[in-house]
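Quick check, what structure comes out for this input:
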Amino acid sequence: MSETTEPNVGSFTLGGPLTAEPAATIDVPEHAEWPLPNGFAWVFPGEGNQGGLVRPVIMADGFNLGRSKLDVLYHGLESGYPFISELRRRGRDVILLGFEERSASILDNARAAEAAIHRAAAEQQGDRPMVVGGFSMGGIVTRYALARMEAQRVDHRTALYFSYDSPHRGASIPVGVQAFSHFIPFPNNFARQMSSPAACQMLWQHYDAETGKIGVSPLRTEFLDALRQVGGWPSRPRKIAVANGRGDGVGLPEVKPGEVALRIDRIYPGTTFYTQAQGDDVTAAFLNRRFPKAEKTVPTSGFPELDGAPGGTLHTYEILAGAMEKLGGEADLRHKDACFVPSVSAVAIRDVDHQNDLYAPVDDLDPYESELDDFLCSSTTTAHTAITAELCTWIMDRLPD
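Prediction:
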């Protein structure tokens, strides 16, 4: 270990099950590939559909750093529940949409979605309606793409839009964790991910590395304005969504506000992350490094109790602890998970700014409060974008004929 600097622990990125690379080789069936502006797509024909597309289902990849790894996405969509295989068995042509840079602006990646829709329409046999949606950020990209096509009076031929744990009202990564990515005294992938355009556009609150301030990113404000300019949502397709979080107002009851989530020693000694609590001037994290010497307290004011909220979770603190231990650090890990996409955000029924809204029992609310036509929250808390039989069969049962 260098005596002039702390080790670069920022080689990791935060991601859910659909970005987890398995140890074994991934076996992907034969497929066609489409080059697209800012992206590409893999096409898997449905059973019995020979010589062309018949009933296309376009499914967009979610957020991470770098080019989409559609083999990893395919593996994730077949783990837990064989979603792609079951769609194909039902005669659906599955089109996996990837991006050249997943962390690029949602507005830019929407071009890939629009191009995929045009290509599918051009190659389709017959006039069966299409299904378009995505996972996590992919649901936001396709939402914007469909709405923009309608604003431009382009026929997208889509009868159903779906999103799978997409942050329609914003996502949450603990601001202390965001700040730590920039506290590492090297350029690193984690910091690139946290400061990327897509992260700035999706996160409810963002840590600005240049100013040290916490708030709504200007890129999020610009994106929401652009979304409003095209109507907010597509109006022609039926709009449905599923959430990996529960709908009864219960999140992670073991994650109490204001507790130590993770404490680090040996490297970045004494650096401590706390679960988010309500109140003013609340310490979210204390950051410390020996070389070059620096320490920083990350305070928040007016935040709800985000980490334990109902929603799809990320192994946020566990991933960070693992990165520290890999480079010789000691990690006192007390809470491995934190809420990433609150249930109320995934089903577009409440904002996440206030405690009562964040923890609202979605199942007891008037469903007309949602901007969606129909939605389902998971019966148990599951990882963000985890593929489950409950959520996938609910979506498939609502596909158009």
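
Tell me who's in contact with the spatially most central residue of the chain.
With distances taken as C-alpha atoms, centre = their mean, residue 136 lies nearest the centre of the chain, 3.5 Å away. Taking C-beta atoms under 8 Å, 6 or more residues apart in numbering as the contact definition, residue 136 lies against 16, 18, 62-63, 164-167, 341, 384-385. Where C-beta positions appear, they are placed from N, C-alpha and C, glycine not excepted.

Distance of it relative to residue 110?
In this view, residue 136 and residue 110 are 15 Å apart by C-beta to C-beta, to the nearest Å.

Check residue 31 too.
Counting by C-beta to C-beta, the gap from residue 31 to residue 110 is 23 Å.

which one of these two has more residues nearby?
residue 110 (25 against 15; other C-beta atoms under 10 Å).

which stretches of the stretch 301-401 of the chain have low pLDDT?
By pLDDT under 70, the stretch 301-401 of the chain has no low-scoring segment.

can you give me the helices for it?
In the stretch 301-401 of the chain, the helices defined using DSSP state H, counting those that start in this stretch lie at 316-326, 343-346, 355-358, 389-396.

The first one packs against which elements?
Counting contacts by 3 or more C-beta pairs under 8 Å, 6 or more residues apart in numbering; DSSP states H and E, helix 316-326 is packed against helix 175-183, strand 260-265, strand 330-333, strand 338-342.

in the last one, what's buried?
Read it as strand 338-342. Buried residues in strand 338-342, defined by neighbour count with 16 or more other C-beta atoms under 10 Å: 338-342.

Can you list the helices and strands that the longest helix seen in the chain packs against?
Longest helix in the chain by number of residues, with DSSP state H as the criterion: helix 106-123. If you count contacts as 3+ C-beta pairs under 8 Å, 6+ apart, helix 106-123 packs onto strand 32-36, strand 39-44, strand 56-60, strand 93-99, strand 130-135, helix 137-151, helix 197-202, helix 218-229.

ok, the closest residue to residue 332 other than its chain neighbours - contacts?
Excluding its sequence neighbours, the residue lying closest to residue 332 (C-beta to C-beta, 6 or more residues apart in numbering) is residue 263, at 4.2 Å. By C-beta under 8 Å, 6+ apart, residue 263 lies in contact with 270-273, 331-332, 334.

Just the element for residue 256, please.
Using DSSP states H and E, residue 256 maps to neither a helix nor a strand.

How many neighbouring residues does it have?
Neighbourhood size, residue 256 [other C-beta under 10 Å]: 13.

Surely it is in contact with residue 275?
Yes: if you go by C-beta atoms under 8 Å, residue 256 and residue 275 touch, sitting 6.6 Å apart.

Quick check: neighbours shared by these two?
Common neighbours of residue 256 and residue 275 (C-beta under 8 Å, 6+ apart) are residue 308.
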